[in-house]
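Engineer: What follows is a predicted structure for the sequence shown.
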Amino acid sequence: MQKSVRCNEGHALYLSLIARREGIKRGYLSKKTTENSRWNEKYFALHQNVLFYFENEQSTRPTGIYLLEGCTCERMPAPKAPSSGRDSSDKLQHCFLVVFGHDGQKPLELRTNDDEDCAEWVEAIQRASYSTLVVEREVLMQKYIHLAQILETEKVASSQLRTQLEDQHTEIERLKGEIAVMNKAKEKMLPSQSSREEKENPDIVKIKKVQSFMRGWLCRRKWKLMVQDYICSPHAESMRTRNRIVFSMVEAEAEYVLQLSVLVNCFLRPLRMAASSKKPPVSHDDVSSIFLNSETIMFLHEIFHQGLKARIASWPTLVLADLFDILLPMLNIYQEFVRNHQYSLQVLANCKQNRDFDKLLKQYESKVACEEQMLETFLTYPMFQIPRYIITLHELLAHTPHEHVERKSLEFAKSKLEELSKMMHDEVSDTENIRKNLAIERMIVEGCDVLLDTNQTFVRQGTLLQVPSAEKGKLGKVRLGSLSLRKEAERQCFLFTKHLLICTRTSGGKLHLLKQGGTLSLIECTLVEELDLNNAAGQGFSHLEFKVVVEPVNAPSFSVVLLAPSRQEKEVWTSDISQCIDNIRCNGLITSVFEENSKRIALSDARLQKDDVDICFSKTLNSCKVPQIRYASVERLLERLTDLRFLSIDFLNTFLHTYRIFTTATVVMDKLADIYKKPFTSIPVRSLELFFASSQGPWGCEQLNNKSPRLSRKFSSAPPLCVASLTASPVHSRKLSLSSPVGGVRAGTLDSSPPPTCPRFIPEMTTPTEAGDLSPCRSPSTPHHLLHRQPGGFTSTEKSHDKEFLIRRAATNRVLNVLRHWVSKHAQDFDTNRELKSGVITLLEEVLRDPDLLSQERKATANILRLGLCIQPEDSQLKIQDILQLAEYPRAECFESLSAMELAEQITLLDHVVFKSIPYEEFLGQGWMKVNKNEKTPYIMKTSQHFNDMSNLVASQIMTHADANSRASSIEKWLAVADICRCLNNFNGVLEIMSALNRSAIYRLKKTWAKVCKQTKALMDRLQKIVSSEGRFKNLRETLKNCNPPCVPYLGLYLTDLAFIEEGTPNFTEEGLVNFSKMRMISHIIREIRQFQQAPYRIEHQPKVTQFLLDKSLVMDEDTLYELSLKIEPRLPPAN
């Protein structure tokens, strides 16, 4: 305080007393002195905007006072301290600085002992400074000044309007006078006419007036109706929408020009000046690499924006096509910018390693014009401008009439922009793929030659745990638990379209390929998605591991078991690996013979990836760079399902989950049988012509007609065959592959001993497969004589005779692959449809009679037949029928005799049994919202009823207690049960209990809740936050995303998503095409549900507990519960 200011000491002492007793924040802080820069510990107390400090906590008089209004408080980096001890270095980590708003006052440096206390002091002082009030006052003053200016403007305008009205009133009076004079003159000129009118009948005069009025009224009404009809017409609405699109385009262009201006003026030009300084933090080359031609782009769009504003000035006549005609030739400068974008970000990241550059860049980014956005954000804006123009033109054309003068010009501009966008996308994709591969290759110490292949496309990378092989293929739970915590099991995995790389990472960040299994060629691999539970790596990690079986040509086979961190990661990895393996094997049948035409087929056939009248692709690519289908006819979907050139696991899963919406199982089965019997119909005629364009042998155009006997298969009349049933666990179904041998069978043979569950048999196969038949560049279905070709390739004679054979093999592989997924992952379809099951068995038996069938195809067919005919063993776990039977028995136990753990485990077991009993076809078509929902979706309705019954049981059990203490104890126990359910990943059970506690009958019992301890209330708040419906169950979705099966999710979450998808988008377009994007969204939800359904709980069933949980004699309805609640705690009389 200044000496010239007088202060009321008594009042200051009074405020210091209040601060010591009731201060906002109190405690010991270390204060840095200005004389010797030493830290002195003082007792500080904060009251409103005054900070007192005392010598100690017992002092009655303050040592000093600080007025905090207008000050700023922020954390400051700790000063460097000598490394004398760890404790001393820790104390220097929690300093903060208080800077006062007026001149002459030195800043106050303070220090705390821990980070949390430091943060609390900083927050309290910031609130005490009333800085937010000052900012709000300034904002309000600006608004007040703005409103005052508007008021003055309106006053001036009103006075001007008033003057105009007076002038117009005077003019009207003058005109009235002139009209009166003219009327008098007219009457004098026509006295006879006026006399004649006077002699007319008054009734006729009235009739004429009425007729005149009616004519005027009818004309006005007709005109009004015409105007109203046009306003409501589609044309007027389309033109209004078109105008809105144009106005929004102008606003977006203005915003984009502003962003480019910030990029150039706030970053590019200052950095150029910095590069020319005496000690440049960055070189001119780096500045050019980062920004490239962004300044030229800014000038271009400034000109375009000026042209748009000029067009808007001539509204409603909007002519924009000529502007795009001028803009299109100049947009080629974007190619260089987009191609350089990734490299510019890398250069920027390298420059940020320089502290001077990083400090300077943060200074630029803190400018008001940047709006707290980083330089990387501004560099990314031009990347999306061309697609934004395409979307705008697409919307503009959708609301532009076909006879509009600009229609053709806008269509031409849109087509040119799409060509430019595709060209840039292809260049960027190729360039980025090569850069990505080379970056990974440089990270590997030993190098990796397979990454130097330009056709090697990067798919994904991530961290997985490699489970080492142990004796008899088993691994103890303790060993796996230790591995999950140790770095030695971590592997950096990189998946490409042809290879899988597995590396270890050293402490220095370098990568080393594994000596064995470091580089896996996918053509030699077989993926096993689900391992046997008896051989799984510990129960706690089941359903997270998958195995890659490698069968090299000149080396013994081995396997690699990898463990994913979560079920989502496993699903993504297995899906991508499976897709890459199947693609390379299926394509190998064609590329092994048609090297010169293989690329021409994919590039020349416009039906593959381009829009057509019966198919439309989205801009989204899957992990293998293939466009996803958006809309398509049923015929095109069936064609894509069996197309020999493409294999997408995501498409296959989506199709098999949702085909009931747009077709039937019989149609799909007939299509598969037709493709197998007539394989050439699976490839369009144009592609077949490309196949055989260069053939010189007996192949010719005449062989492609429908009468050729080579285009269909002929079989002997051997009796039908059947395959013995498997007795293994159902999880073996996930092991099927077109090259995987049958478990326990020699290569090339099948076990002919029939098990007791199947009366028929298959004879032994006599075609052995040599160990050296498989090659990294050959498909397992390649004929034997083709596997040993010379390095020079096939001769023209071999090509002529083997093309038709290989296409048949590819068609067989595709049919078997679809059937493998269908039978193994969608077995419910065949359990409920005996006719479909019989058709599959008939087709597979027909495949086995094919004399040209290869050994691997025969094994795959036998595997699928075994799976289709397998009589599943009785499941020892609890079923929904058992629940219904237990509900008939009275309860044998009381609530007090059961522990919270027993209740939580049995609730989880019951919830999972009910949840897993729902067949996935009930999730299609919103059957649970129909009138006959009990017939359409019986299991979903049973799940909903079970949820309500459990919630009613919890509420009824609490209300049975007459004593408040007993009710409070019951609430605490049920919350403990809910917390255990959370630990068991039973979020459905958590929601059952929380919904019961939030009922009005229980929630209103204030005396009861007063008896509940604070820890239990805090637990309830945490659980409520997890299962809260806020943000469409945002927290619950995040929890489900991070949890591993087994798990019981809340079914209502998925039903809400499915209802949102069903109501928001139609199943078919106006042209009758299937909305396959909608099918894909539905399939992803169903796949997530099925993942949770298939992971069982290892909980022992306790009948005494389940009988209590299913006892309906204890349950009361909602009205009874509320009446009982009113008796326990009557309503308080309203206050006067």
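Structural biologist: Noted; the coordinates are in hand.

Engineer: any idea which element residue 546 lies in?
Structural biologist: strand 545-550 (DSSP states H and E).

Engineer: pLDDT (mean, whole number) over that strand?
Structural biologist: The average pLDDT within strand 545-550 is 88.

Engineer: ok, and what's touching it?
Structural biologist: For strand 545-550, contacts defined as CB atoms under 8 Å, 6 or more residues apart in numbering pick out 467, 500, 517, 520, 524-531, 536-537, 557-564, 570, 573-574, 577, 740. In short, each C-beta sits where N, CA and C put it, glycine included.

Engineer: for it, the distance to its chain's centre please.
Structural biologist: 28 Å (CA atoms, centre = their mean, to the nearest Å).

Engineer: Partner strands of that strand, with direction?
Structural biologist: Strand pairing for strand 545-550, determined by DSSP bridges: strand 525-528 (antiparallel), strand 558-563 (antiparallel).

Engineer: Please spell out which residues along the last one are buried.
Structural biologist: The neighbour-count criterion (16 or more other CB atoms under 10 Å) identifies 560, 561, 562, 563 as the buried residues of strand 558-563.

Engineer: State whether the third one and residue 462 are indeed in contact, as I suppose.
Structural biologist: The one in question is residue 562. No. Taking contacts as CB atoms under 8 Å, residue 562 lies outside contact range of residue 462: 10.2 Å.

Engineer: what is in contact with those two at once?
Structural biologist: 493, 573.

Engineer: Any stretches of the stretch 651-800 of the chain with poor pLDDT?
Structural biologist: 681-800 (pLDDT under 70).

Engineer: mean confidence for stretch 843-852?
Structural biologist: 84.

Engineer: buried ones in that stretch?
Structural biologist: 843, 844, 845, 846, 847, 848, 850.

Engineer: Repeat that for stretch 944-957.
Structural biologist: Within stretch 944-957, judged by 16+ other CB under 10 Å, the buried ones are 944, 946, 947, 950, 951, 952, 953, 954, 955, 956, 957.

Engineer: where's the nearest residue to the third one once chain neighbours are set aside, which helix or strand?
Structural biologist: In space, and not counting its chain neighbours, residue 947 is closest to residue 992: 5.8 Å by CB to CB, 6 or more residues apart in numbering. Residue 992 is part of helix 987-997, with elements assigned from DSSP H and E.

Engineer: Tell me how many other residues surround residue 1040.
Structural biologist: 20 (other CB atoms under 10 Å).

Engineer: Just say helix, strand or coil for it.
Structural biologist: What DSSP: H, G, I helix; E, B strand; the rest coil gives for residue 1040 is helix.

Engineer: quick one: it from residue 508, how far?
Structural biologist: As judged by CB to CB, to the nearest Å, residue 1040 and residue 508 stand 38 Å apart.

Engineer: same thing with residue 543?
Structural biologist: For residue 543, the distance to residue 508 - CB to CB - is 35 Å.

Engineer: Who has more neighbours out of the two?
Structural biologist: residue 543 (21 against 6).

Engineer: any weak-confidence spans in the stretch 451-600 of the chain?
Structural biologist: 454, 469-487, 532-542, 568, 585-600.

Engineer: on that earlier part again, can I get the strands paired with strand 545-550 in a markdown table including distance to residue 248?
Structural biologist: Output for the strands paired with strand 545-550, formatted as a markdown table (distance: least, CB to CB, whole Å):
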| stretch | distance to residue 248 |
| --- | --- |
| strand 525-528 | 49 |
| strand 558-563 | 49 |
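
Engineer: can you tell which of the ones you listed is closest to residue 202?
Structural biologist: Smallest distance to residue 202 across those (CB to CB): 103.9 Å, for strand 525-528.

Engineer: tell me how far that closest one is from the chain's mean position?
Structural biologist: Worked out by CA atoms, centre = their mean, strand 525-528 lies 28 Å from the chain centre.
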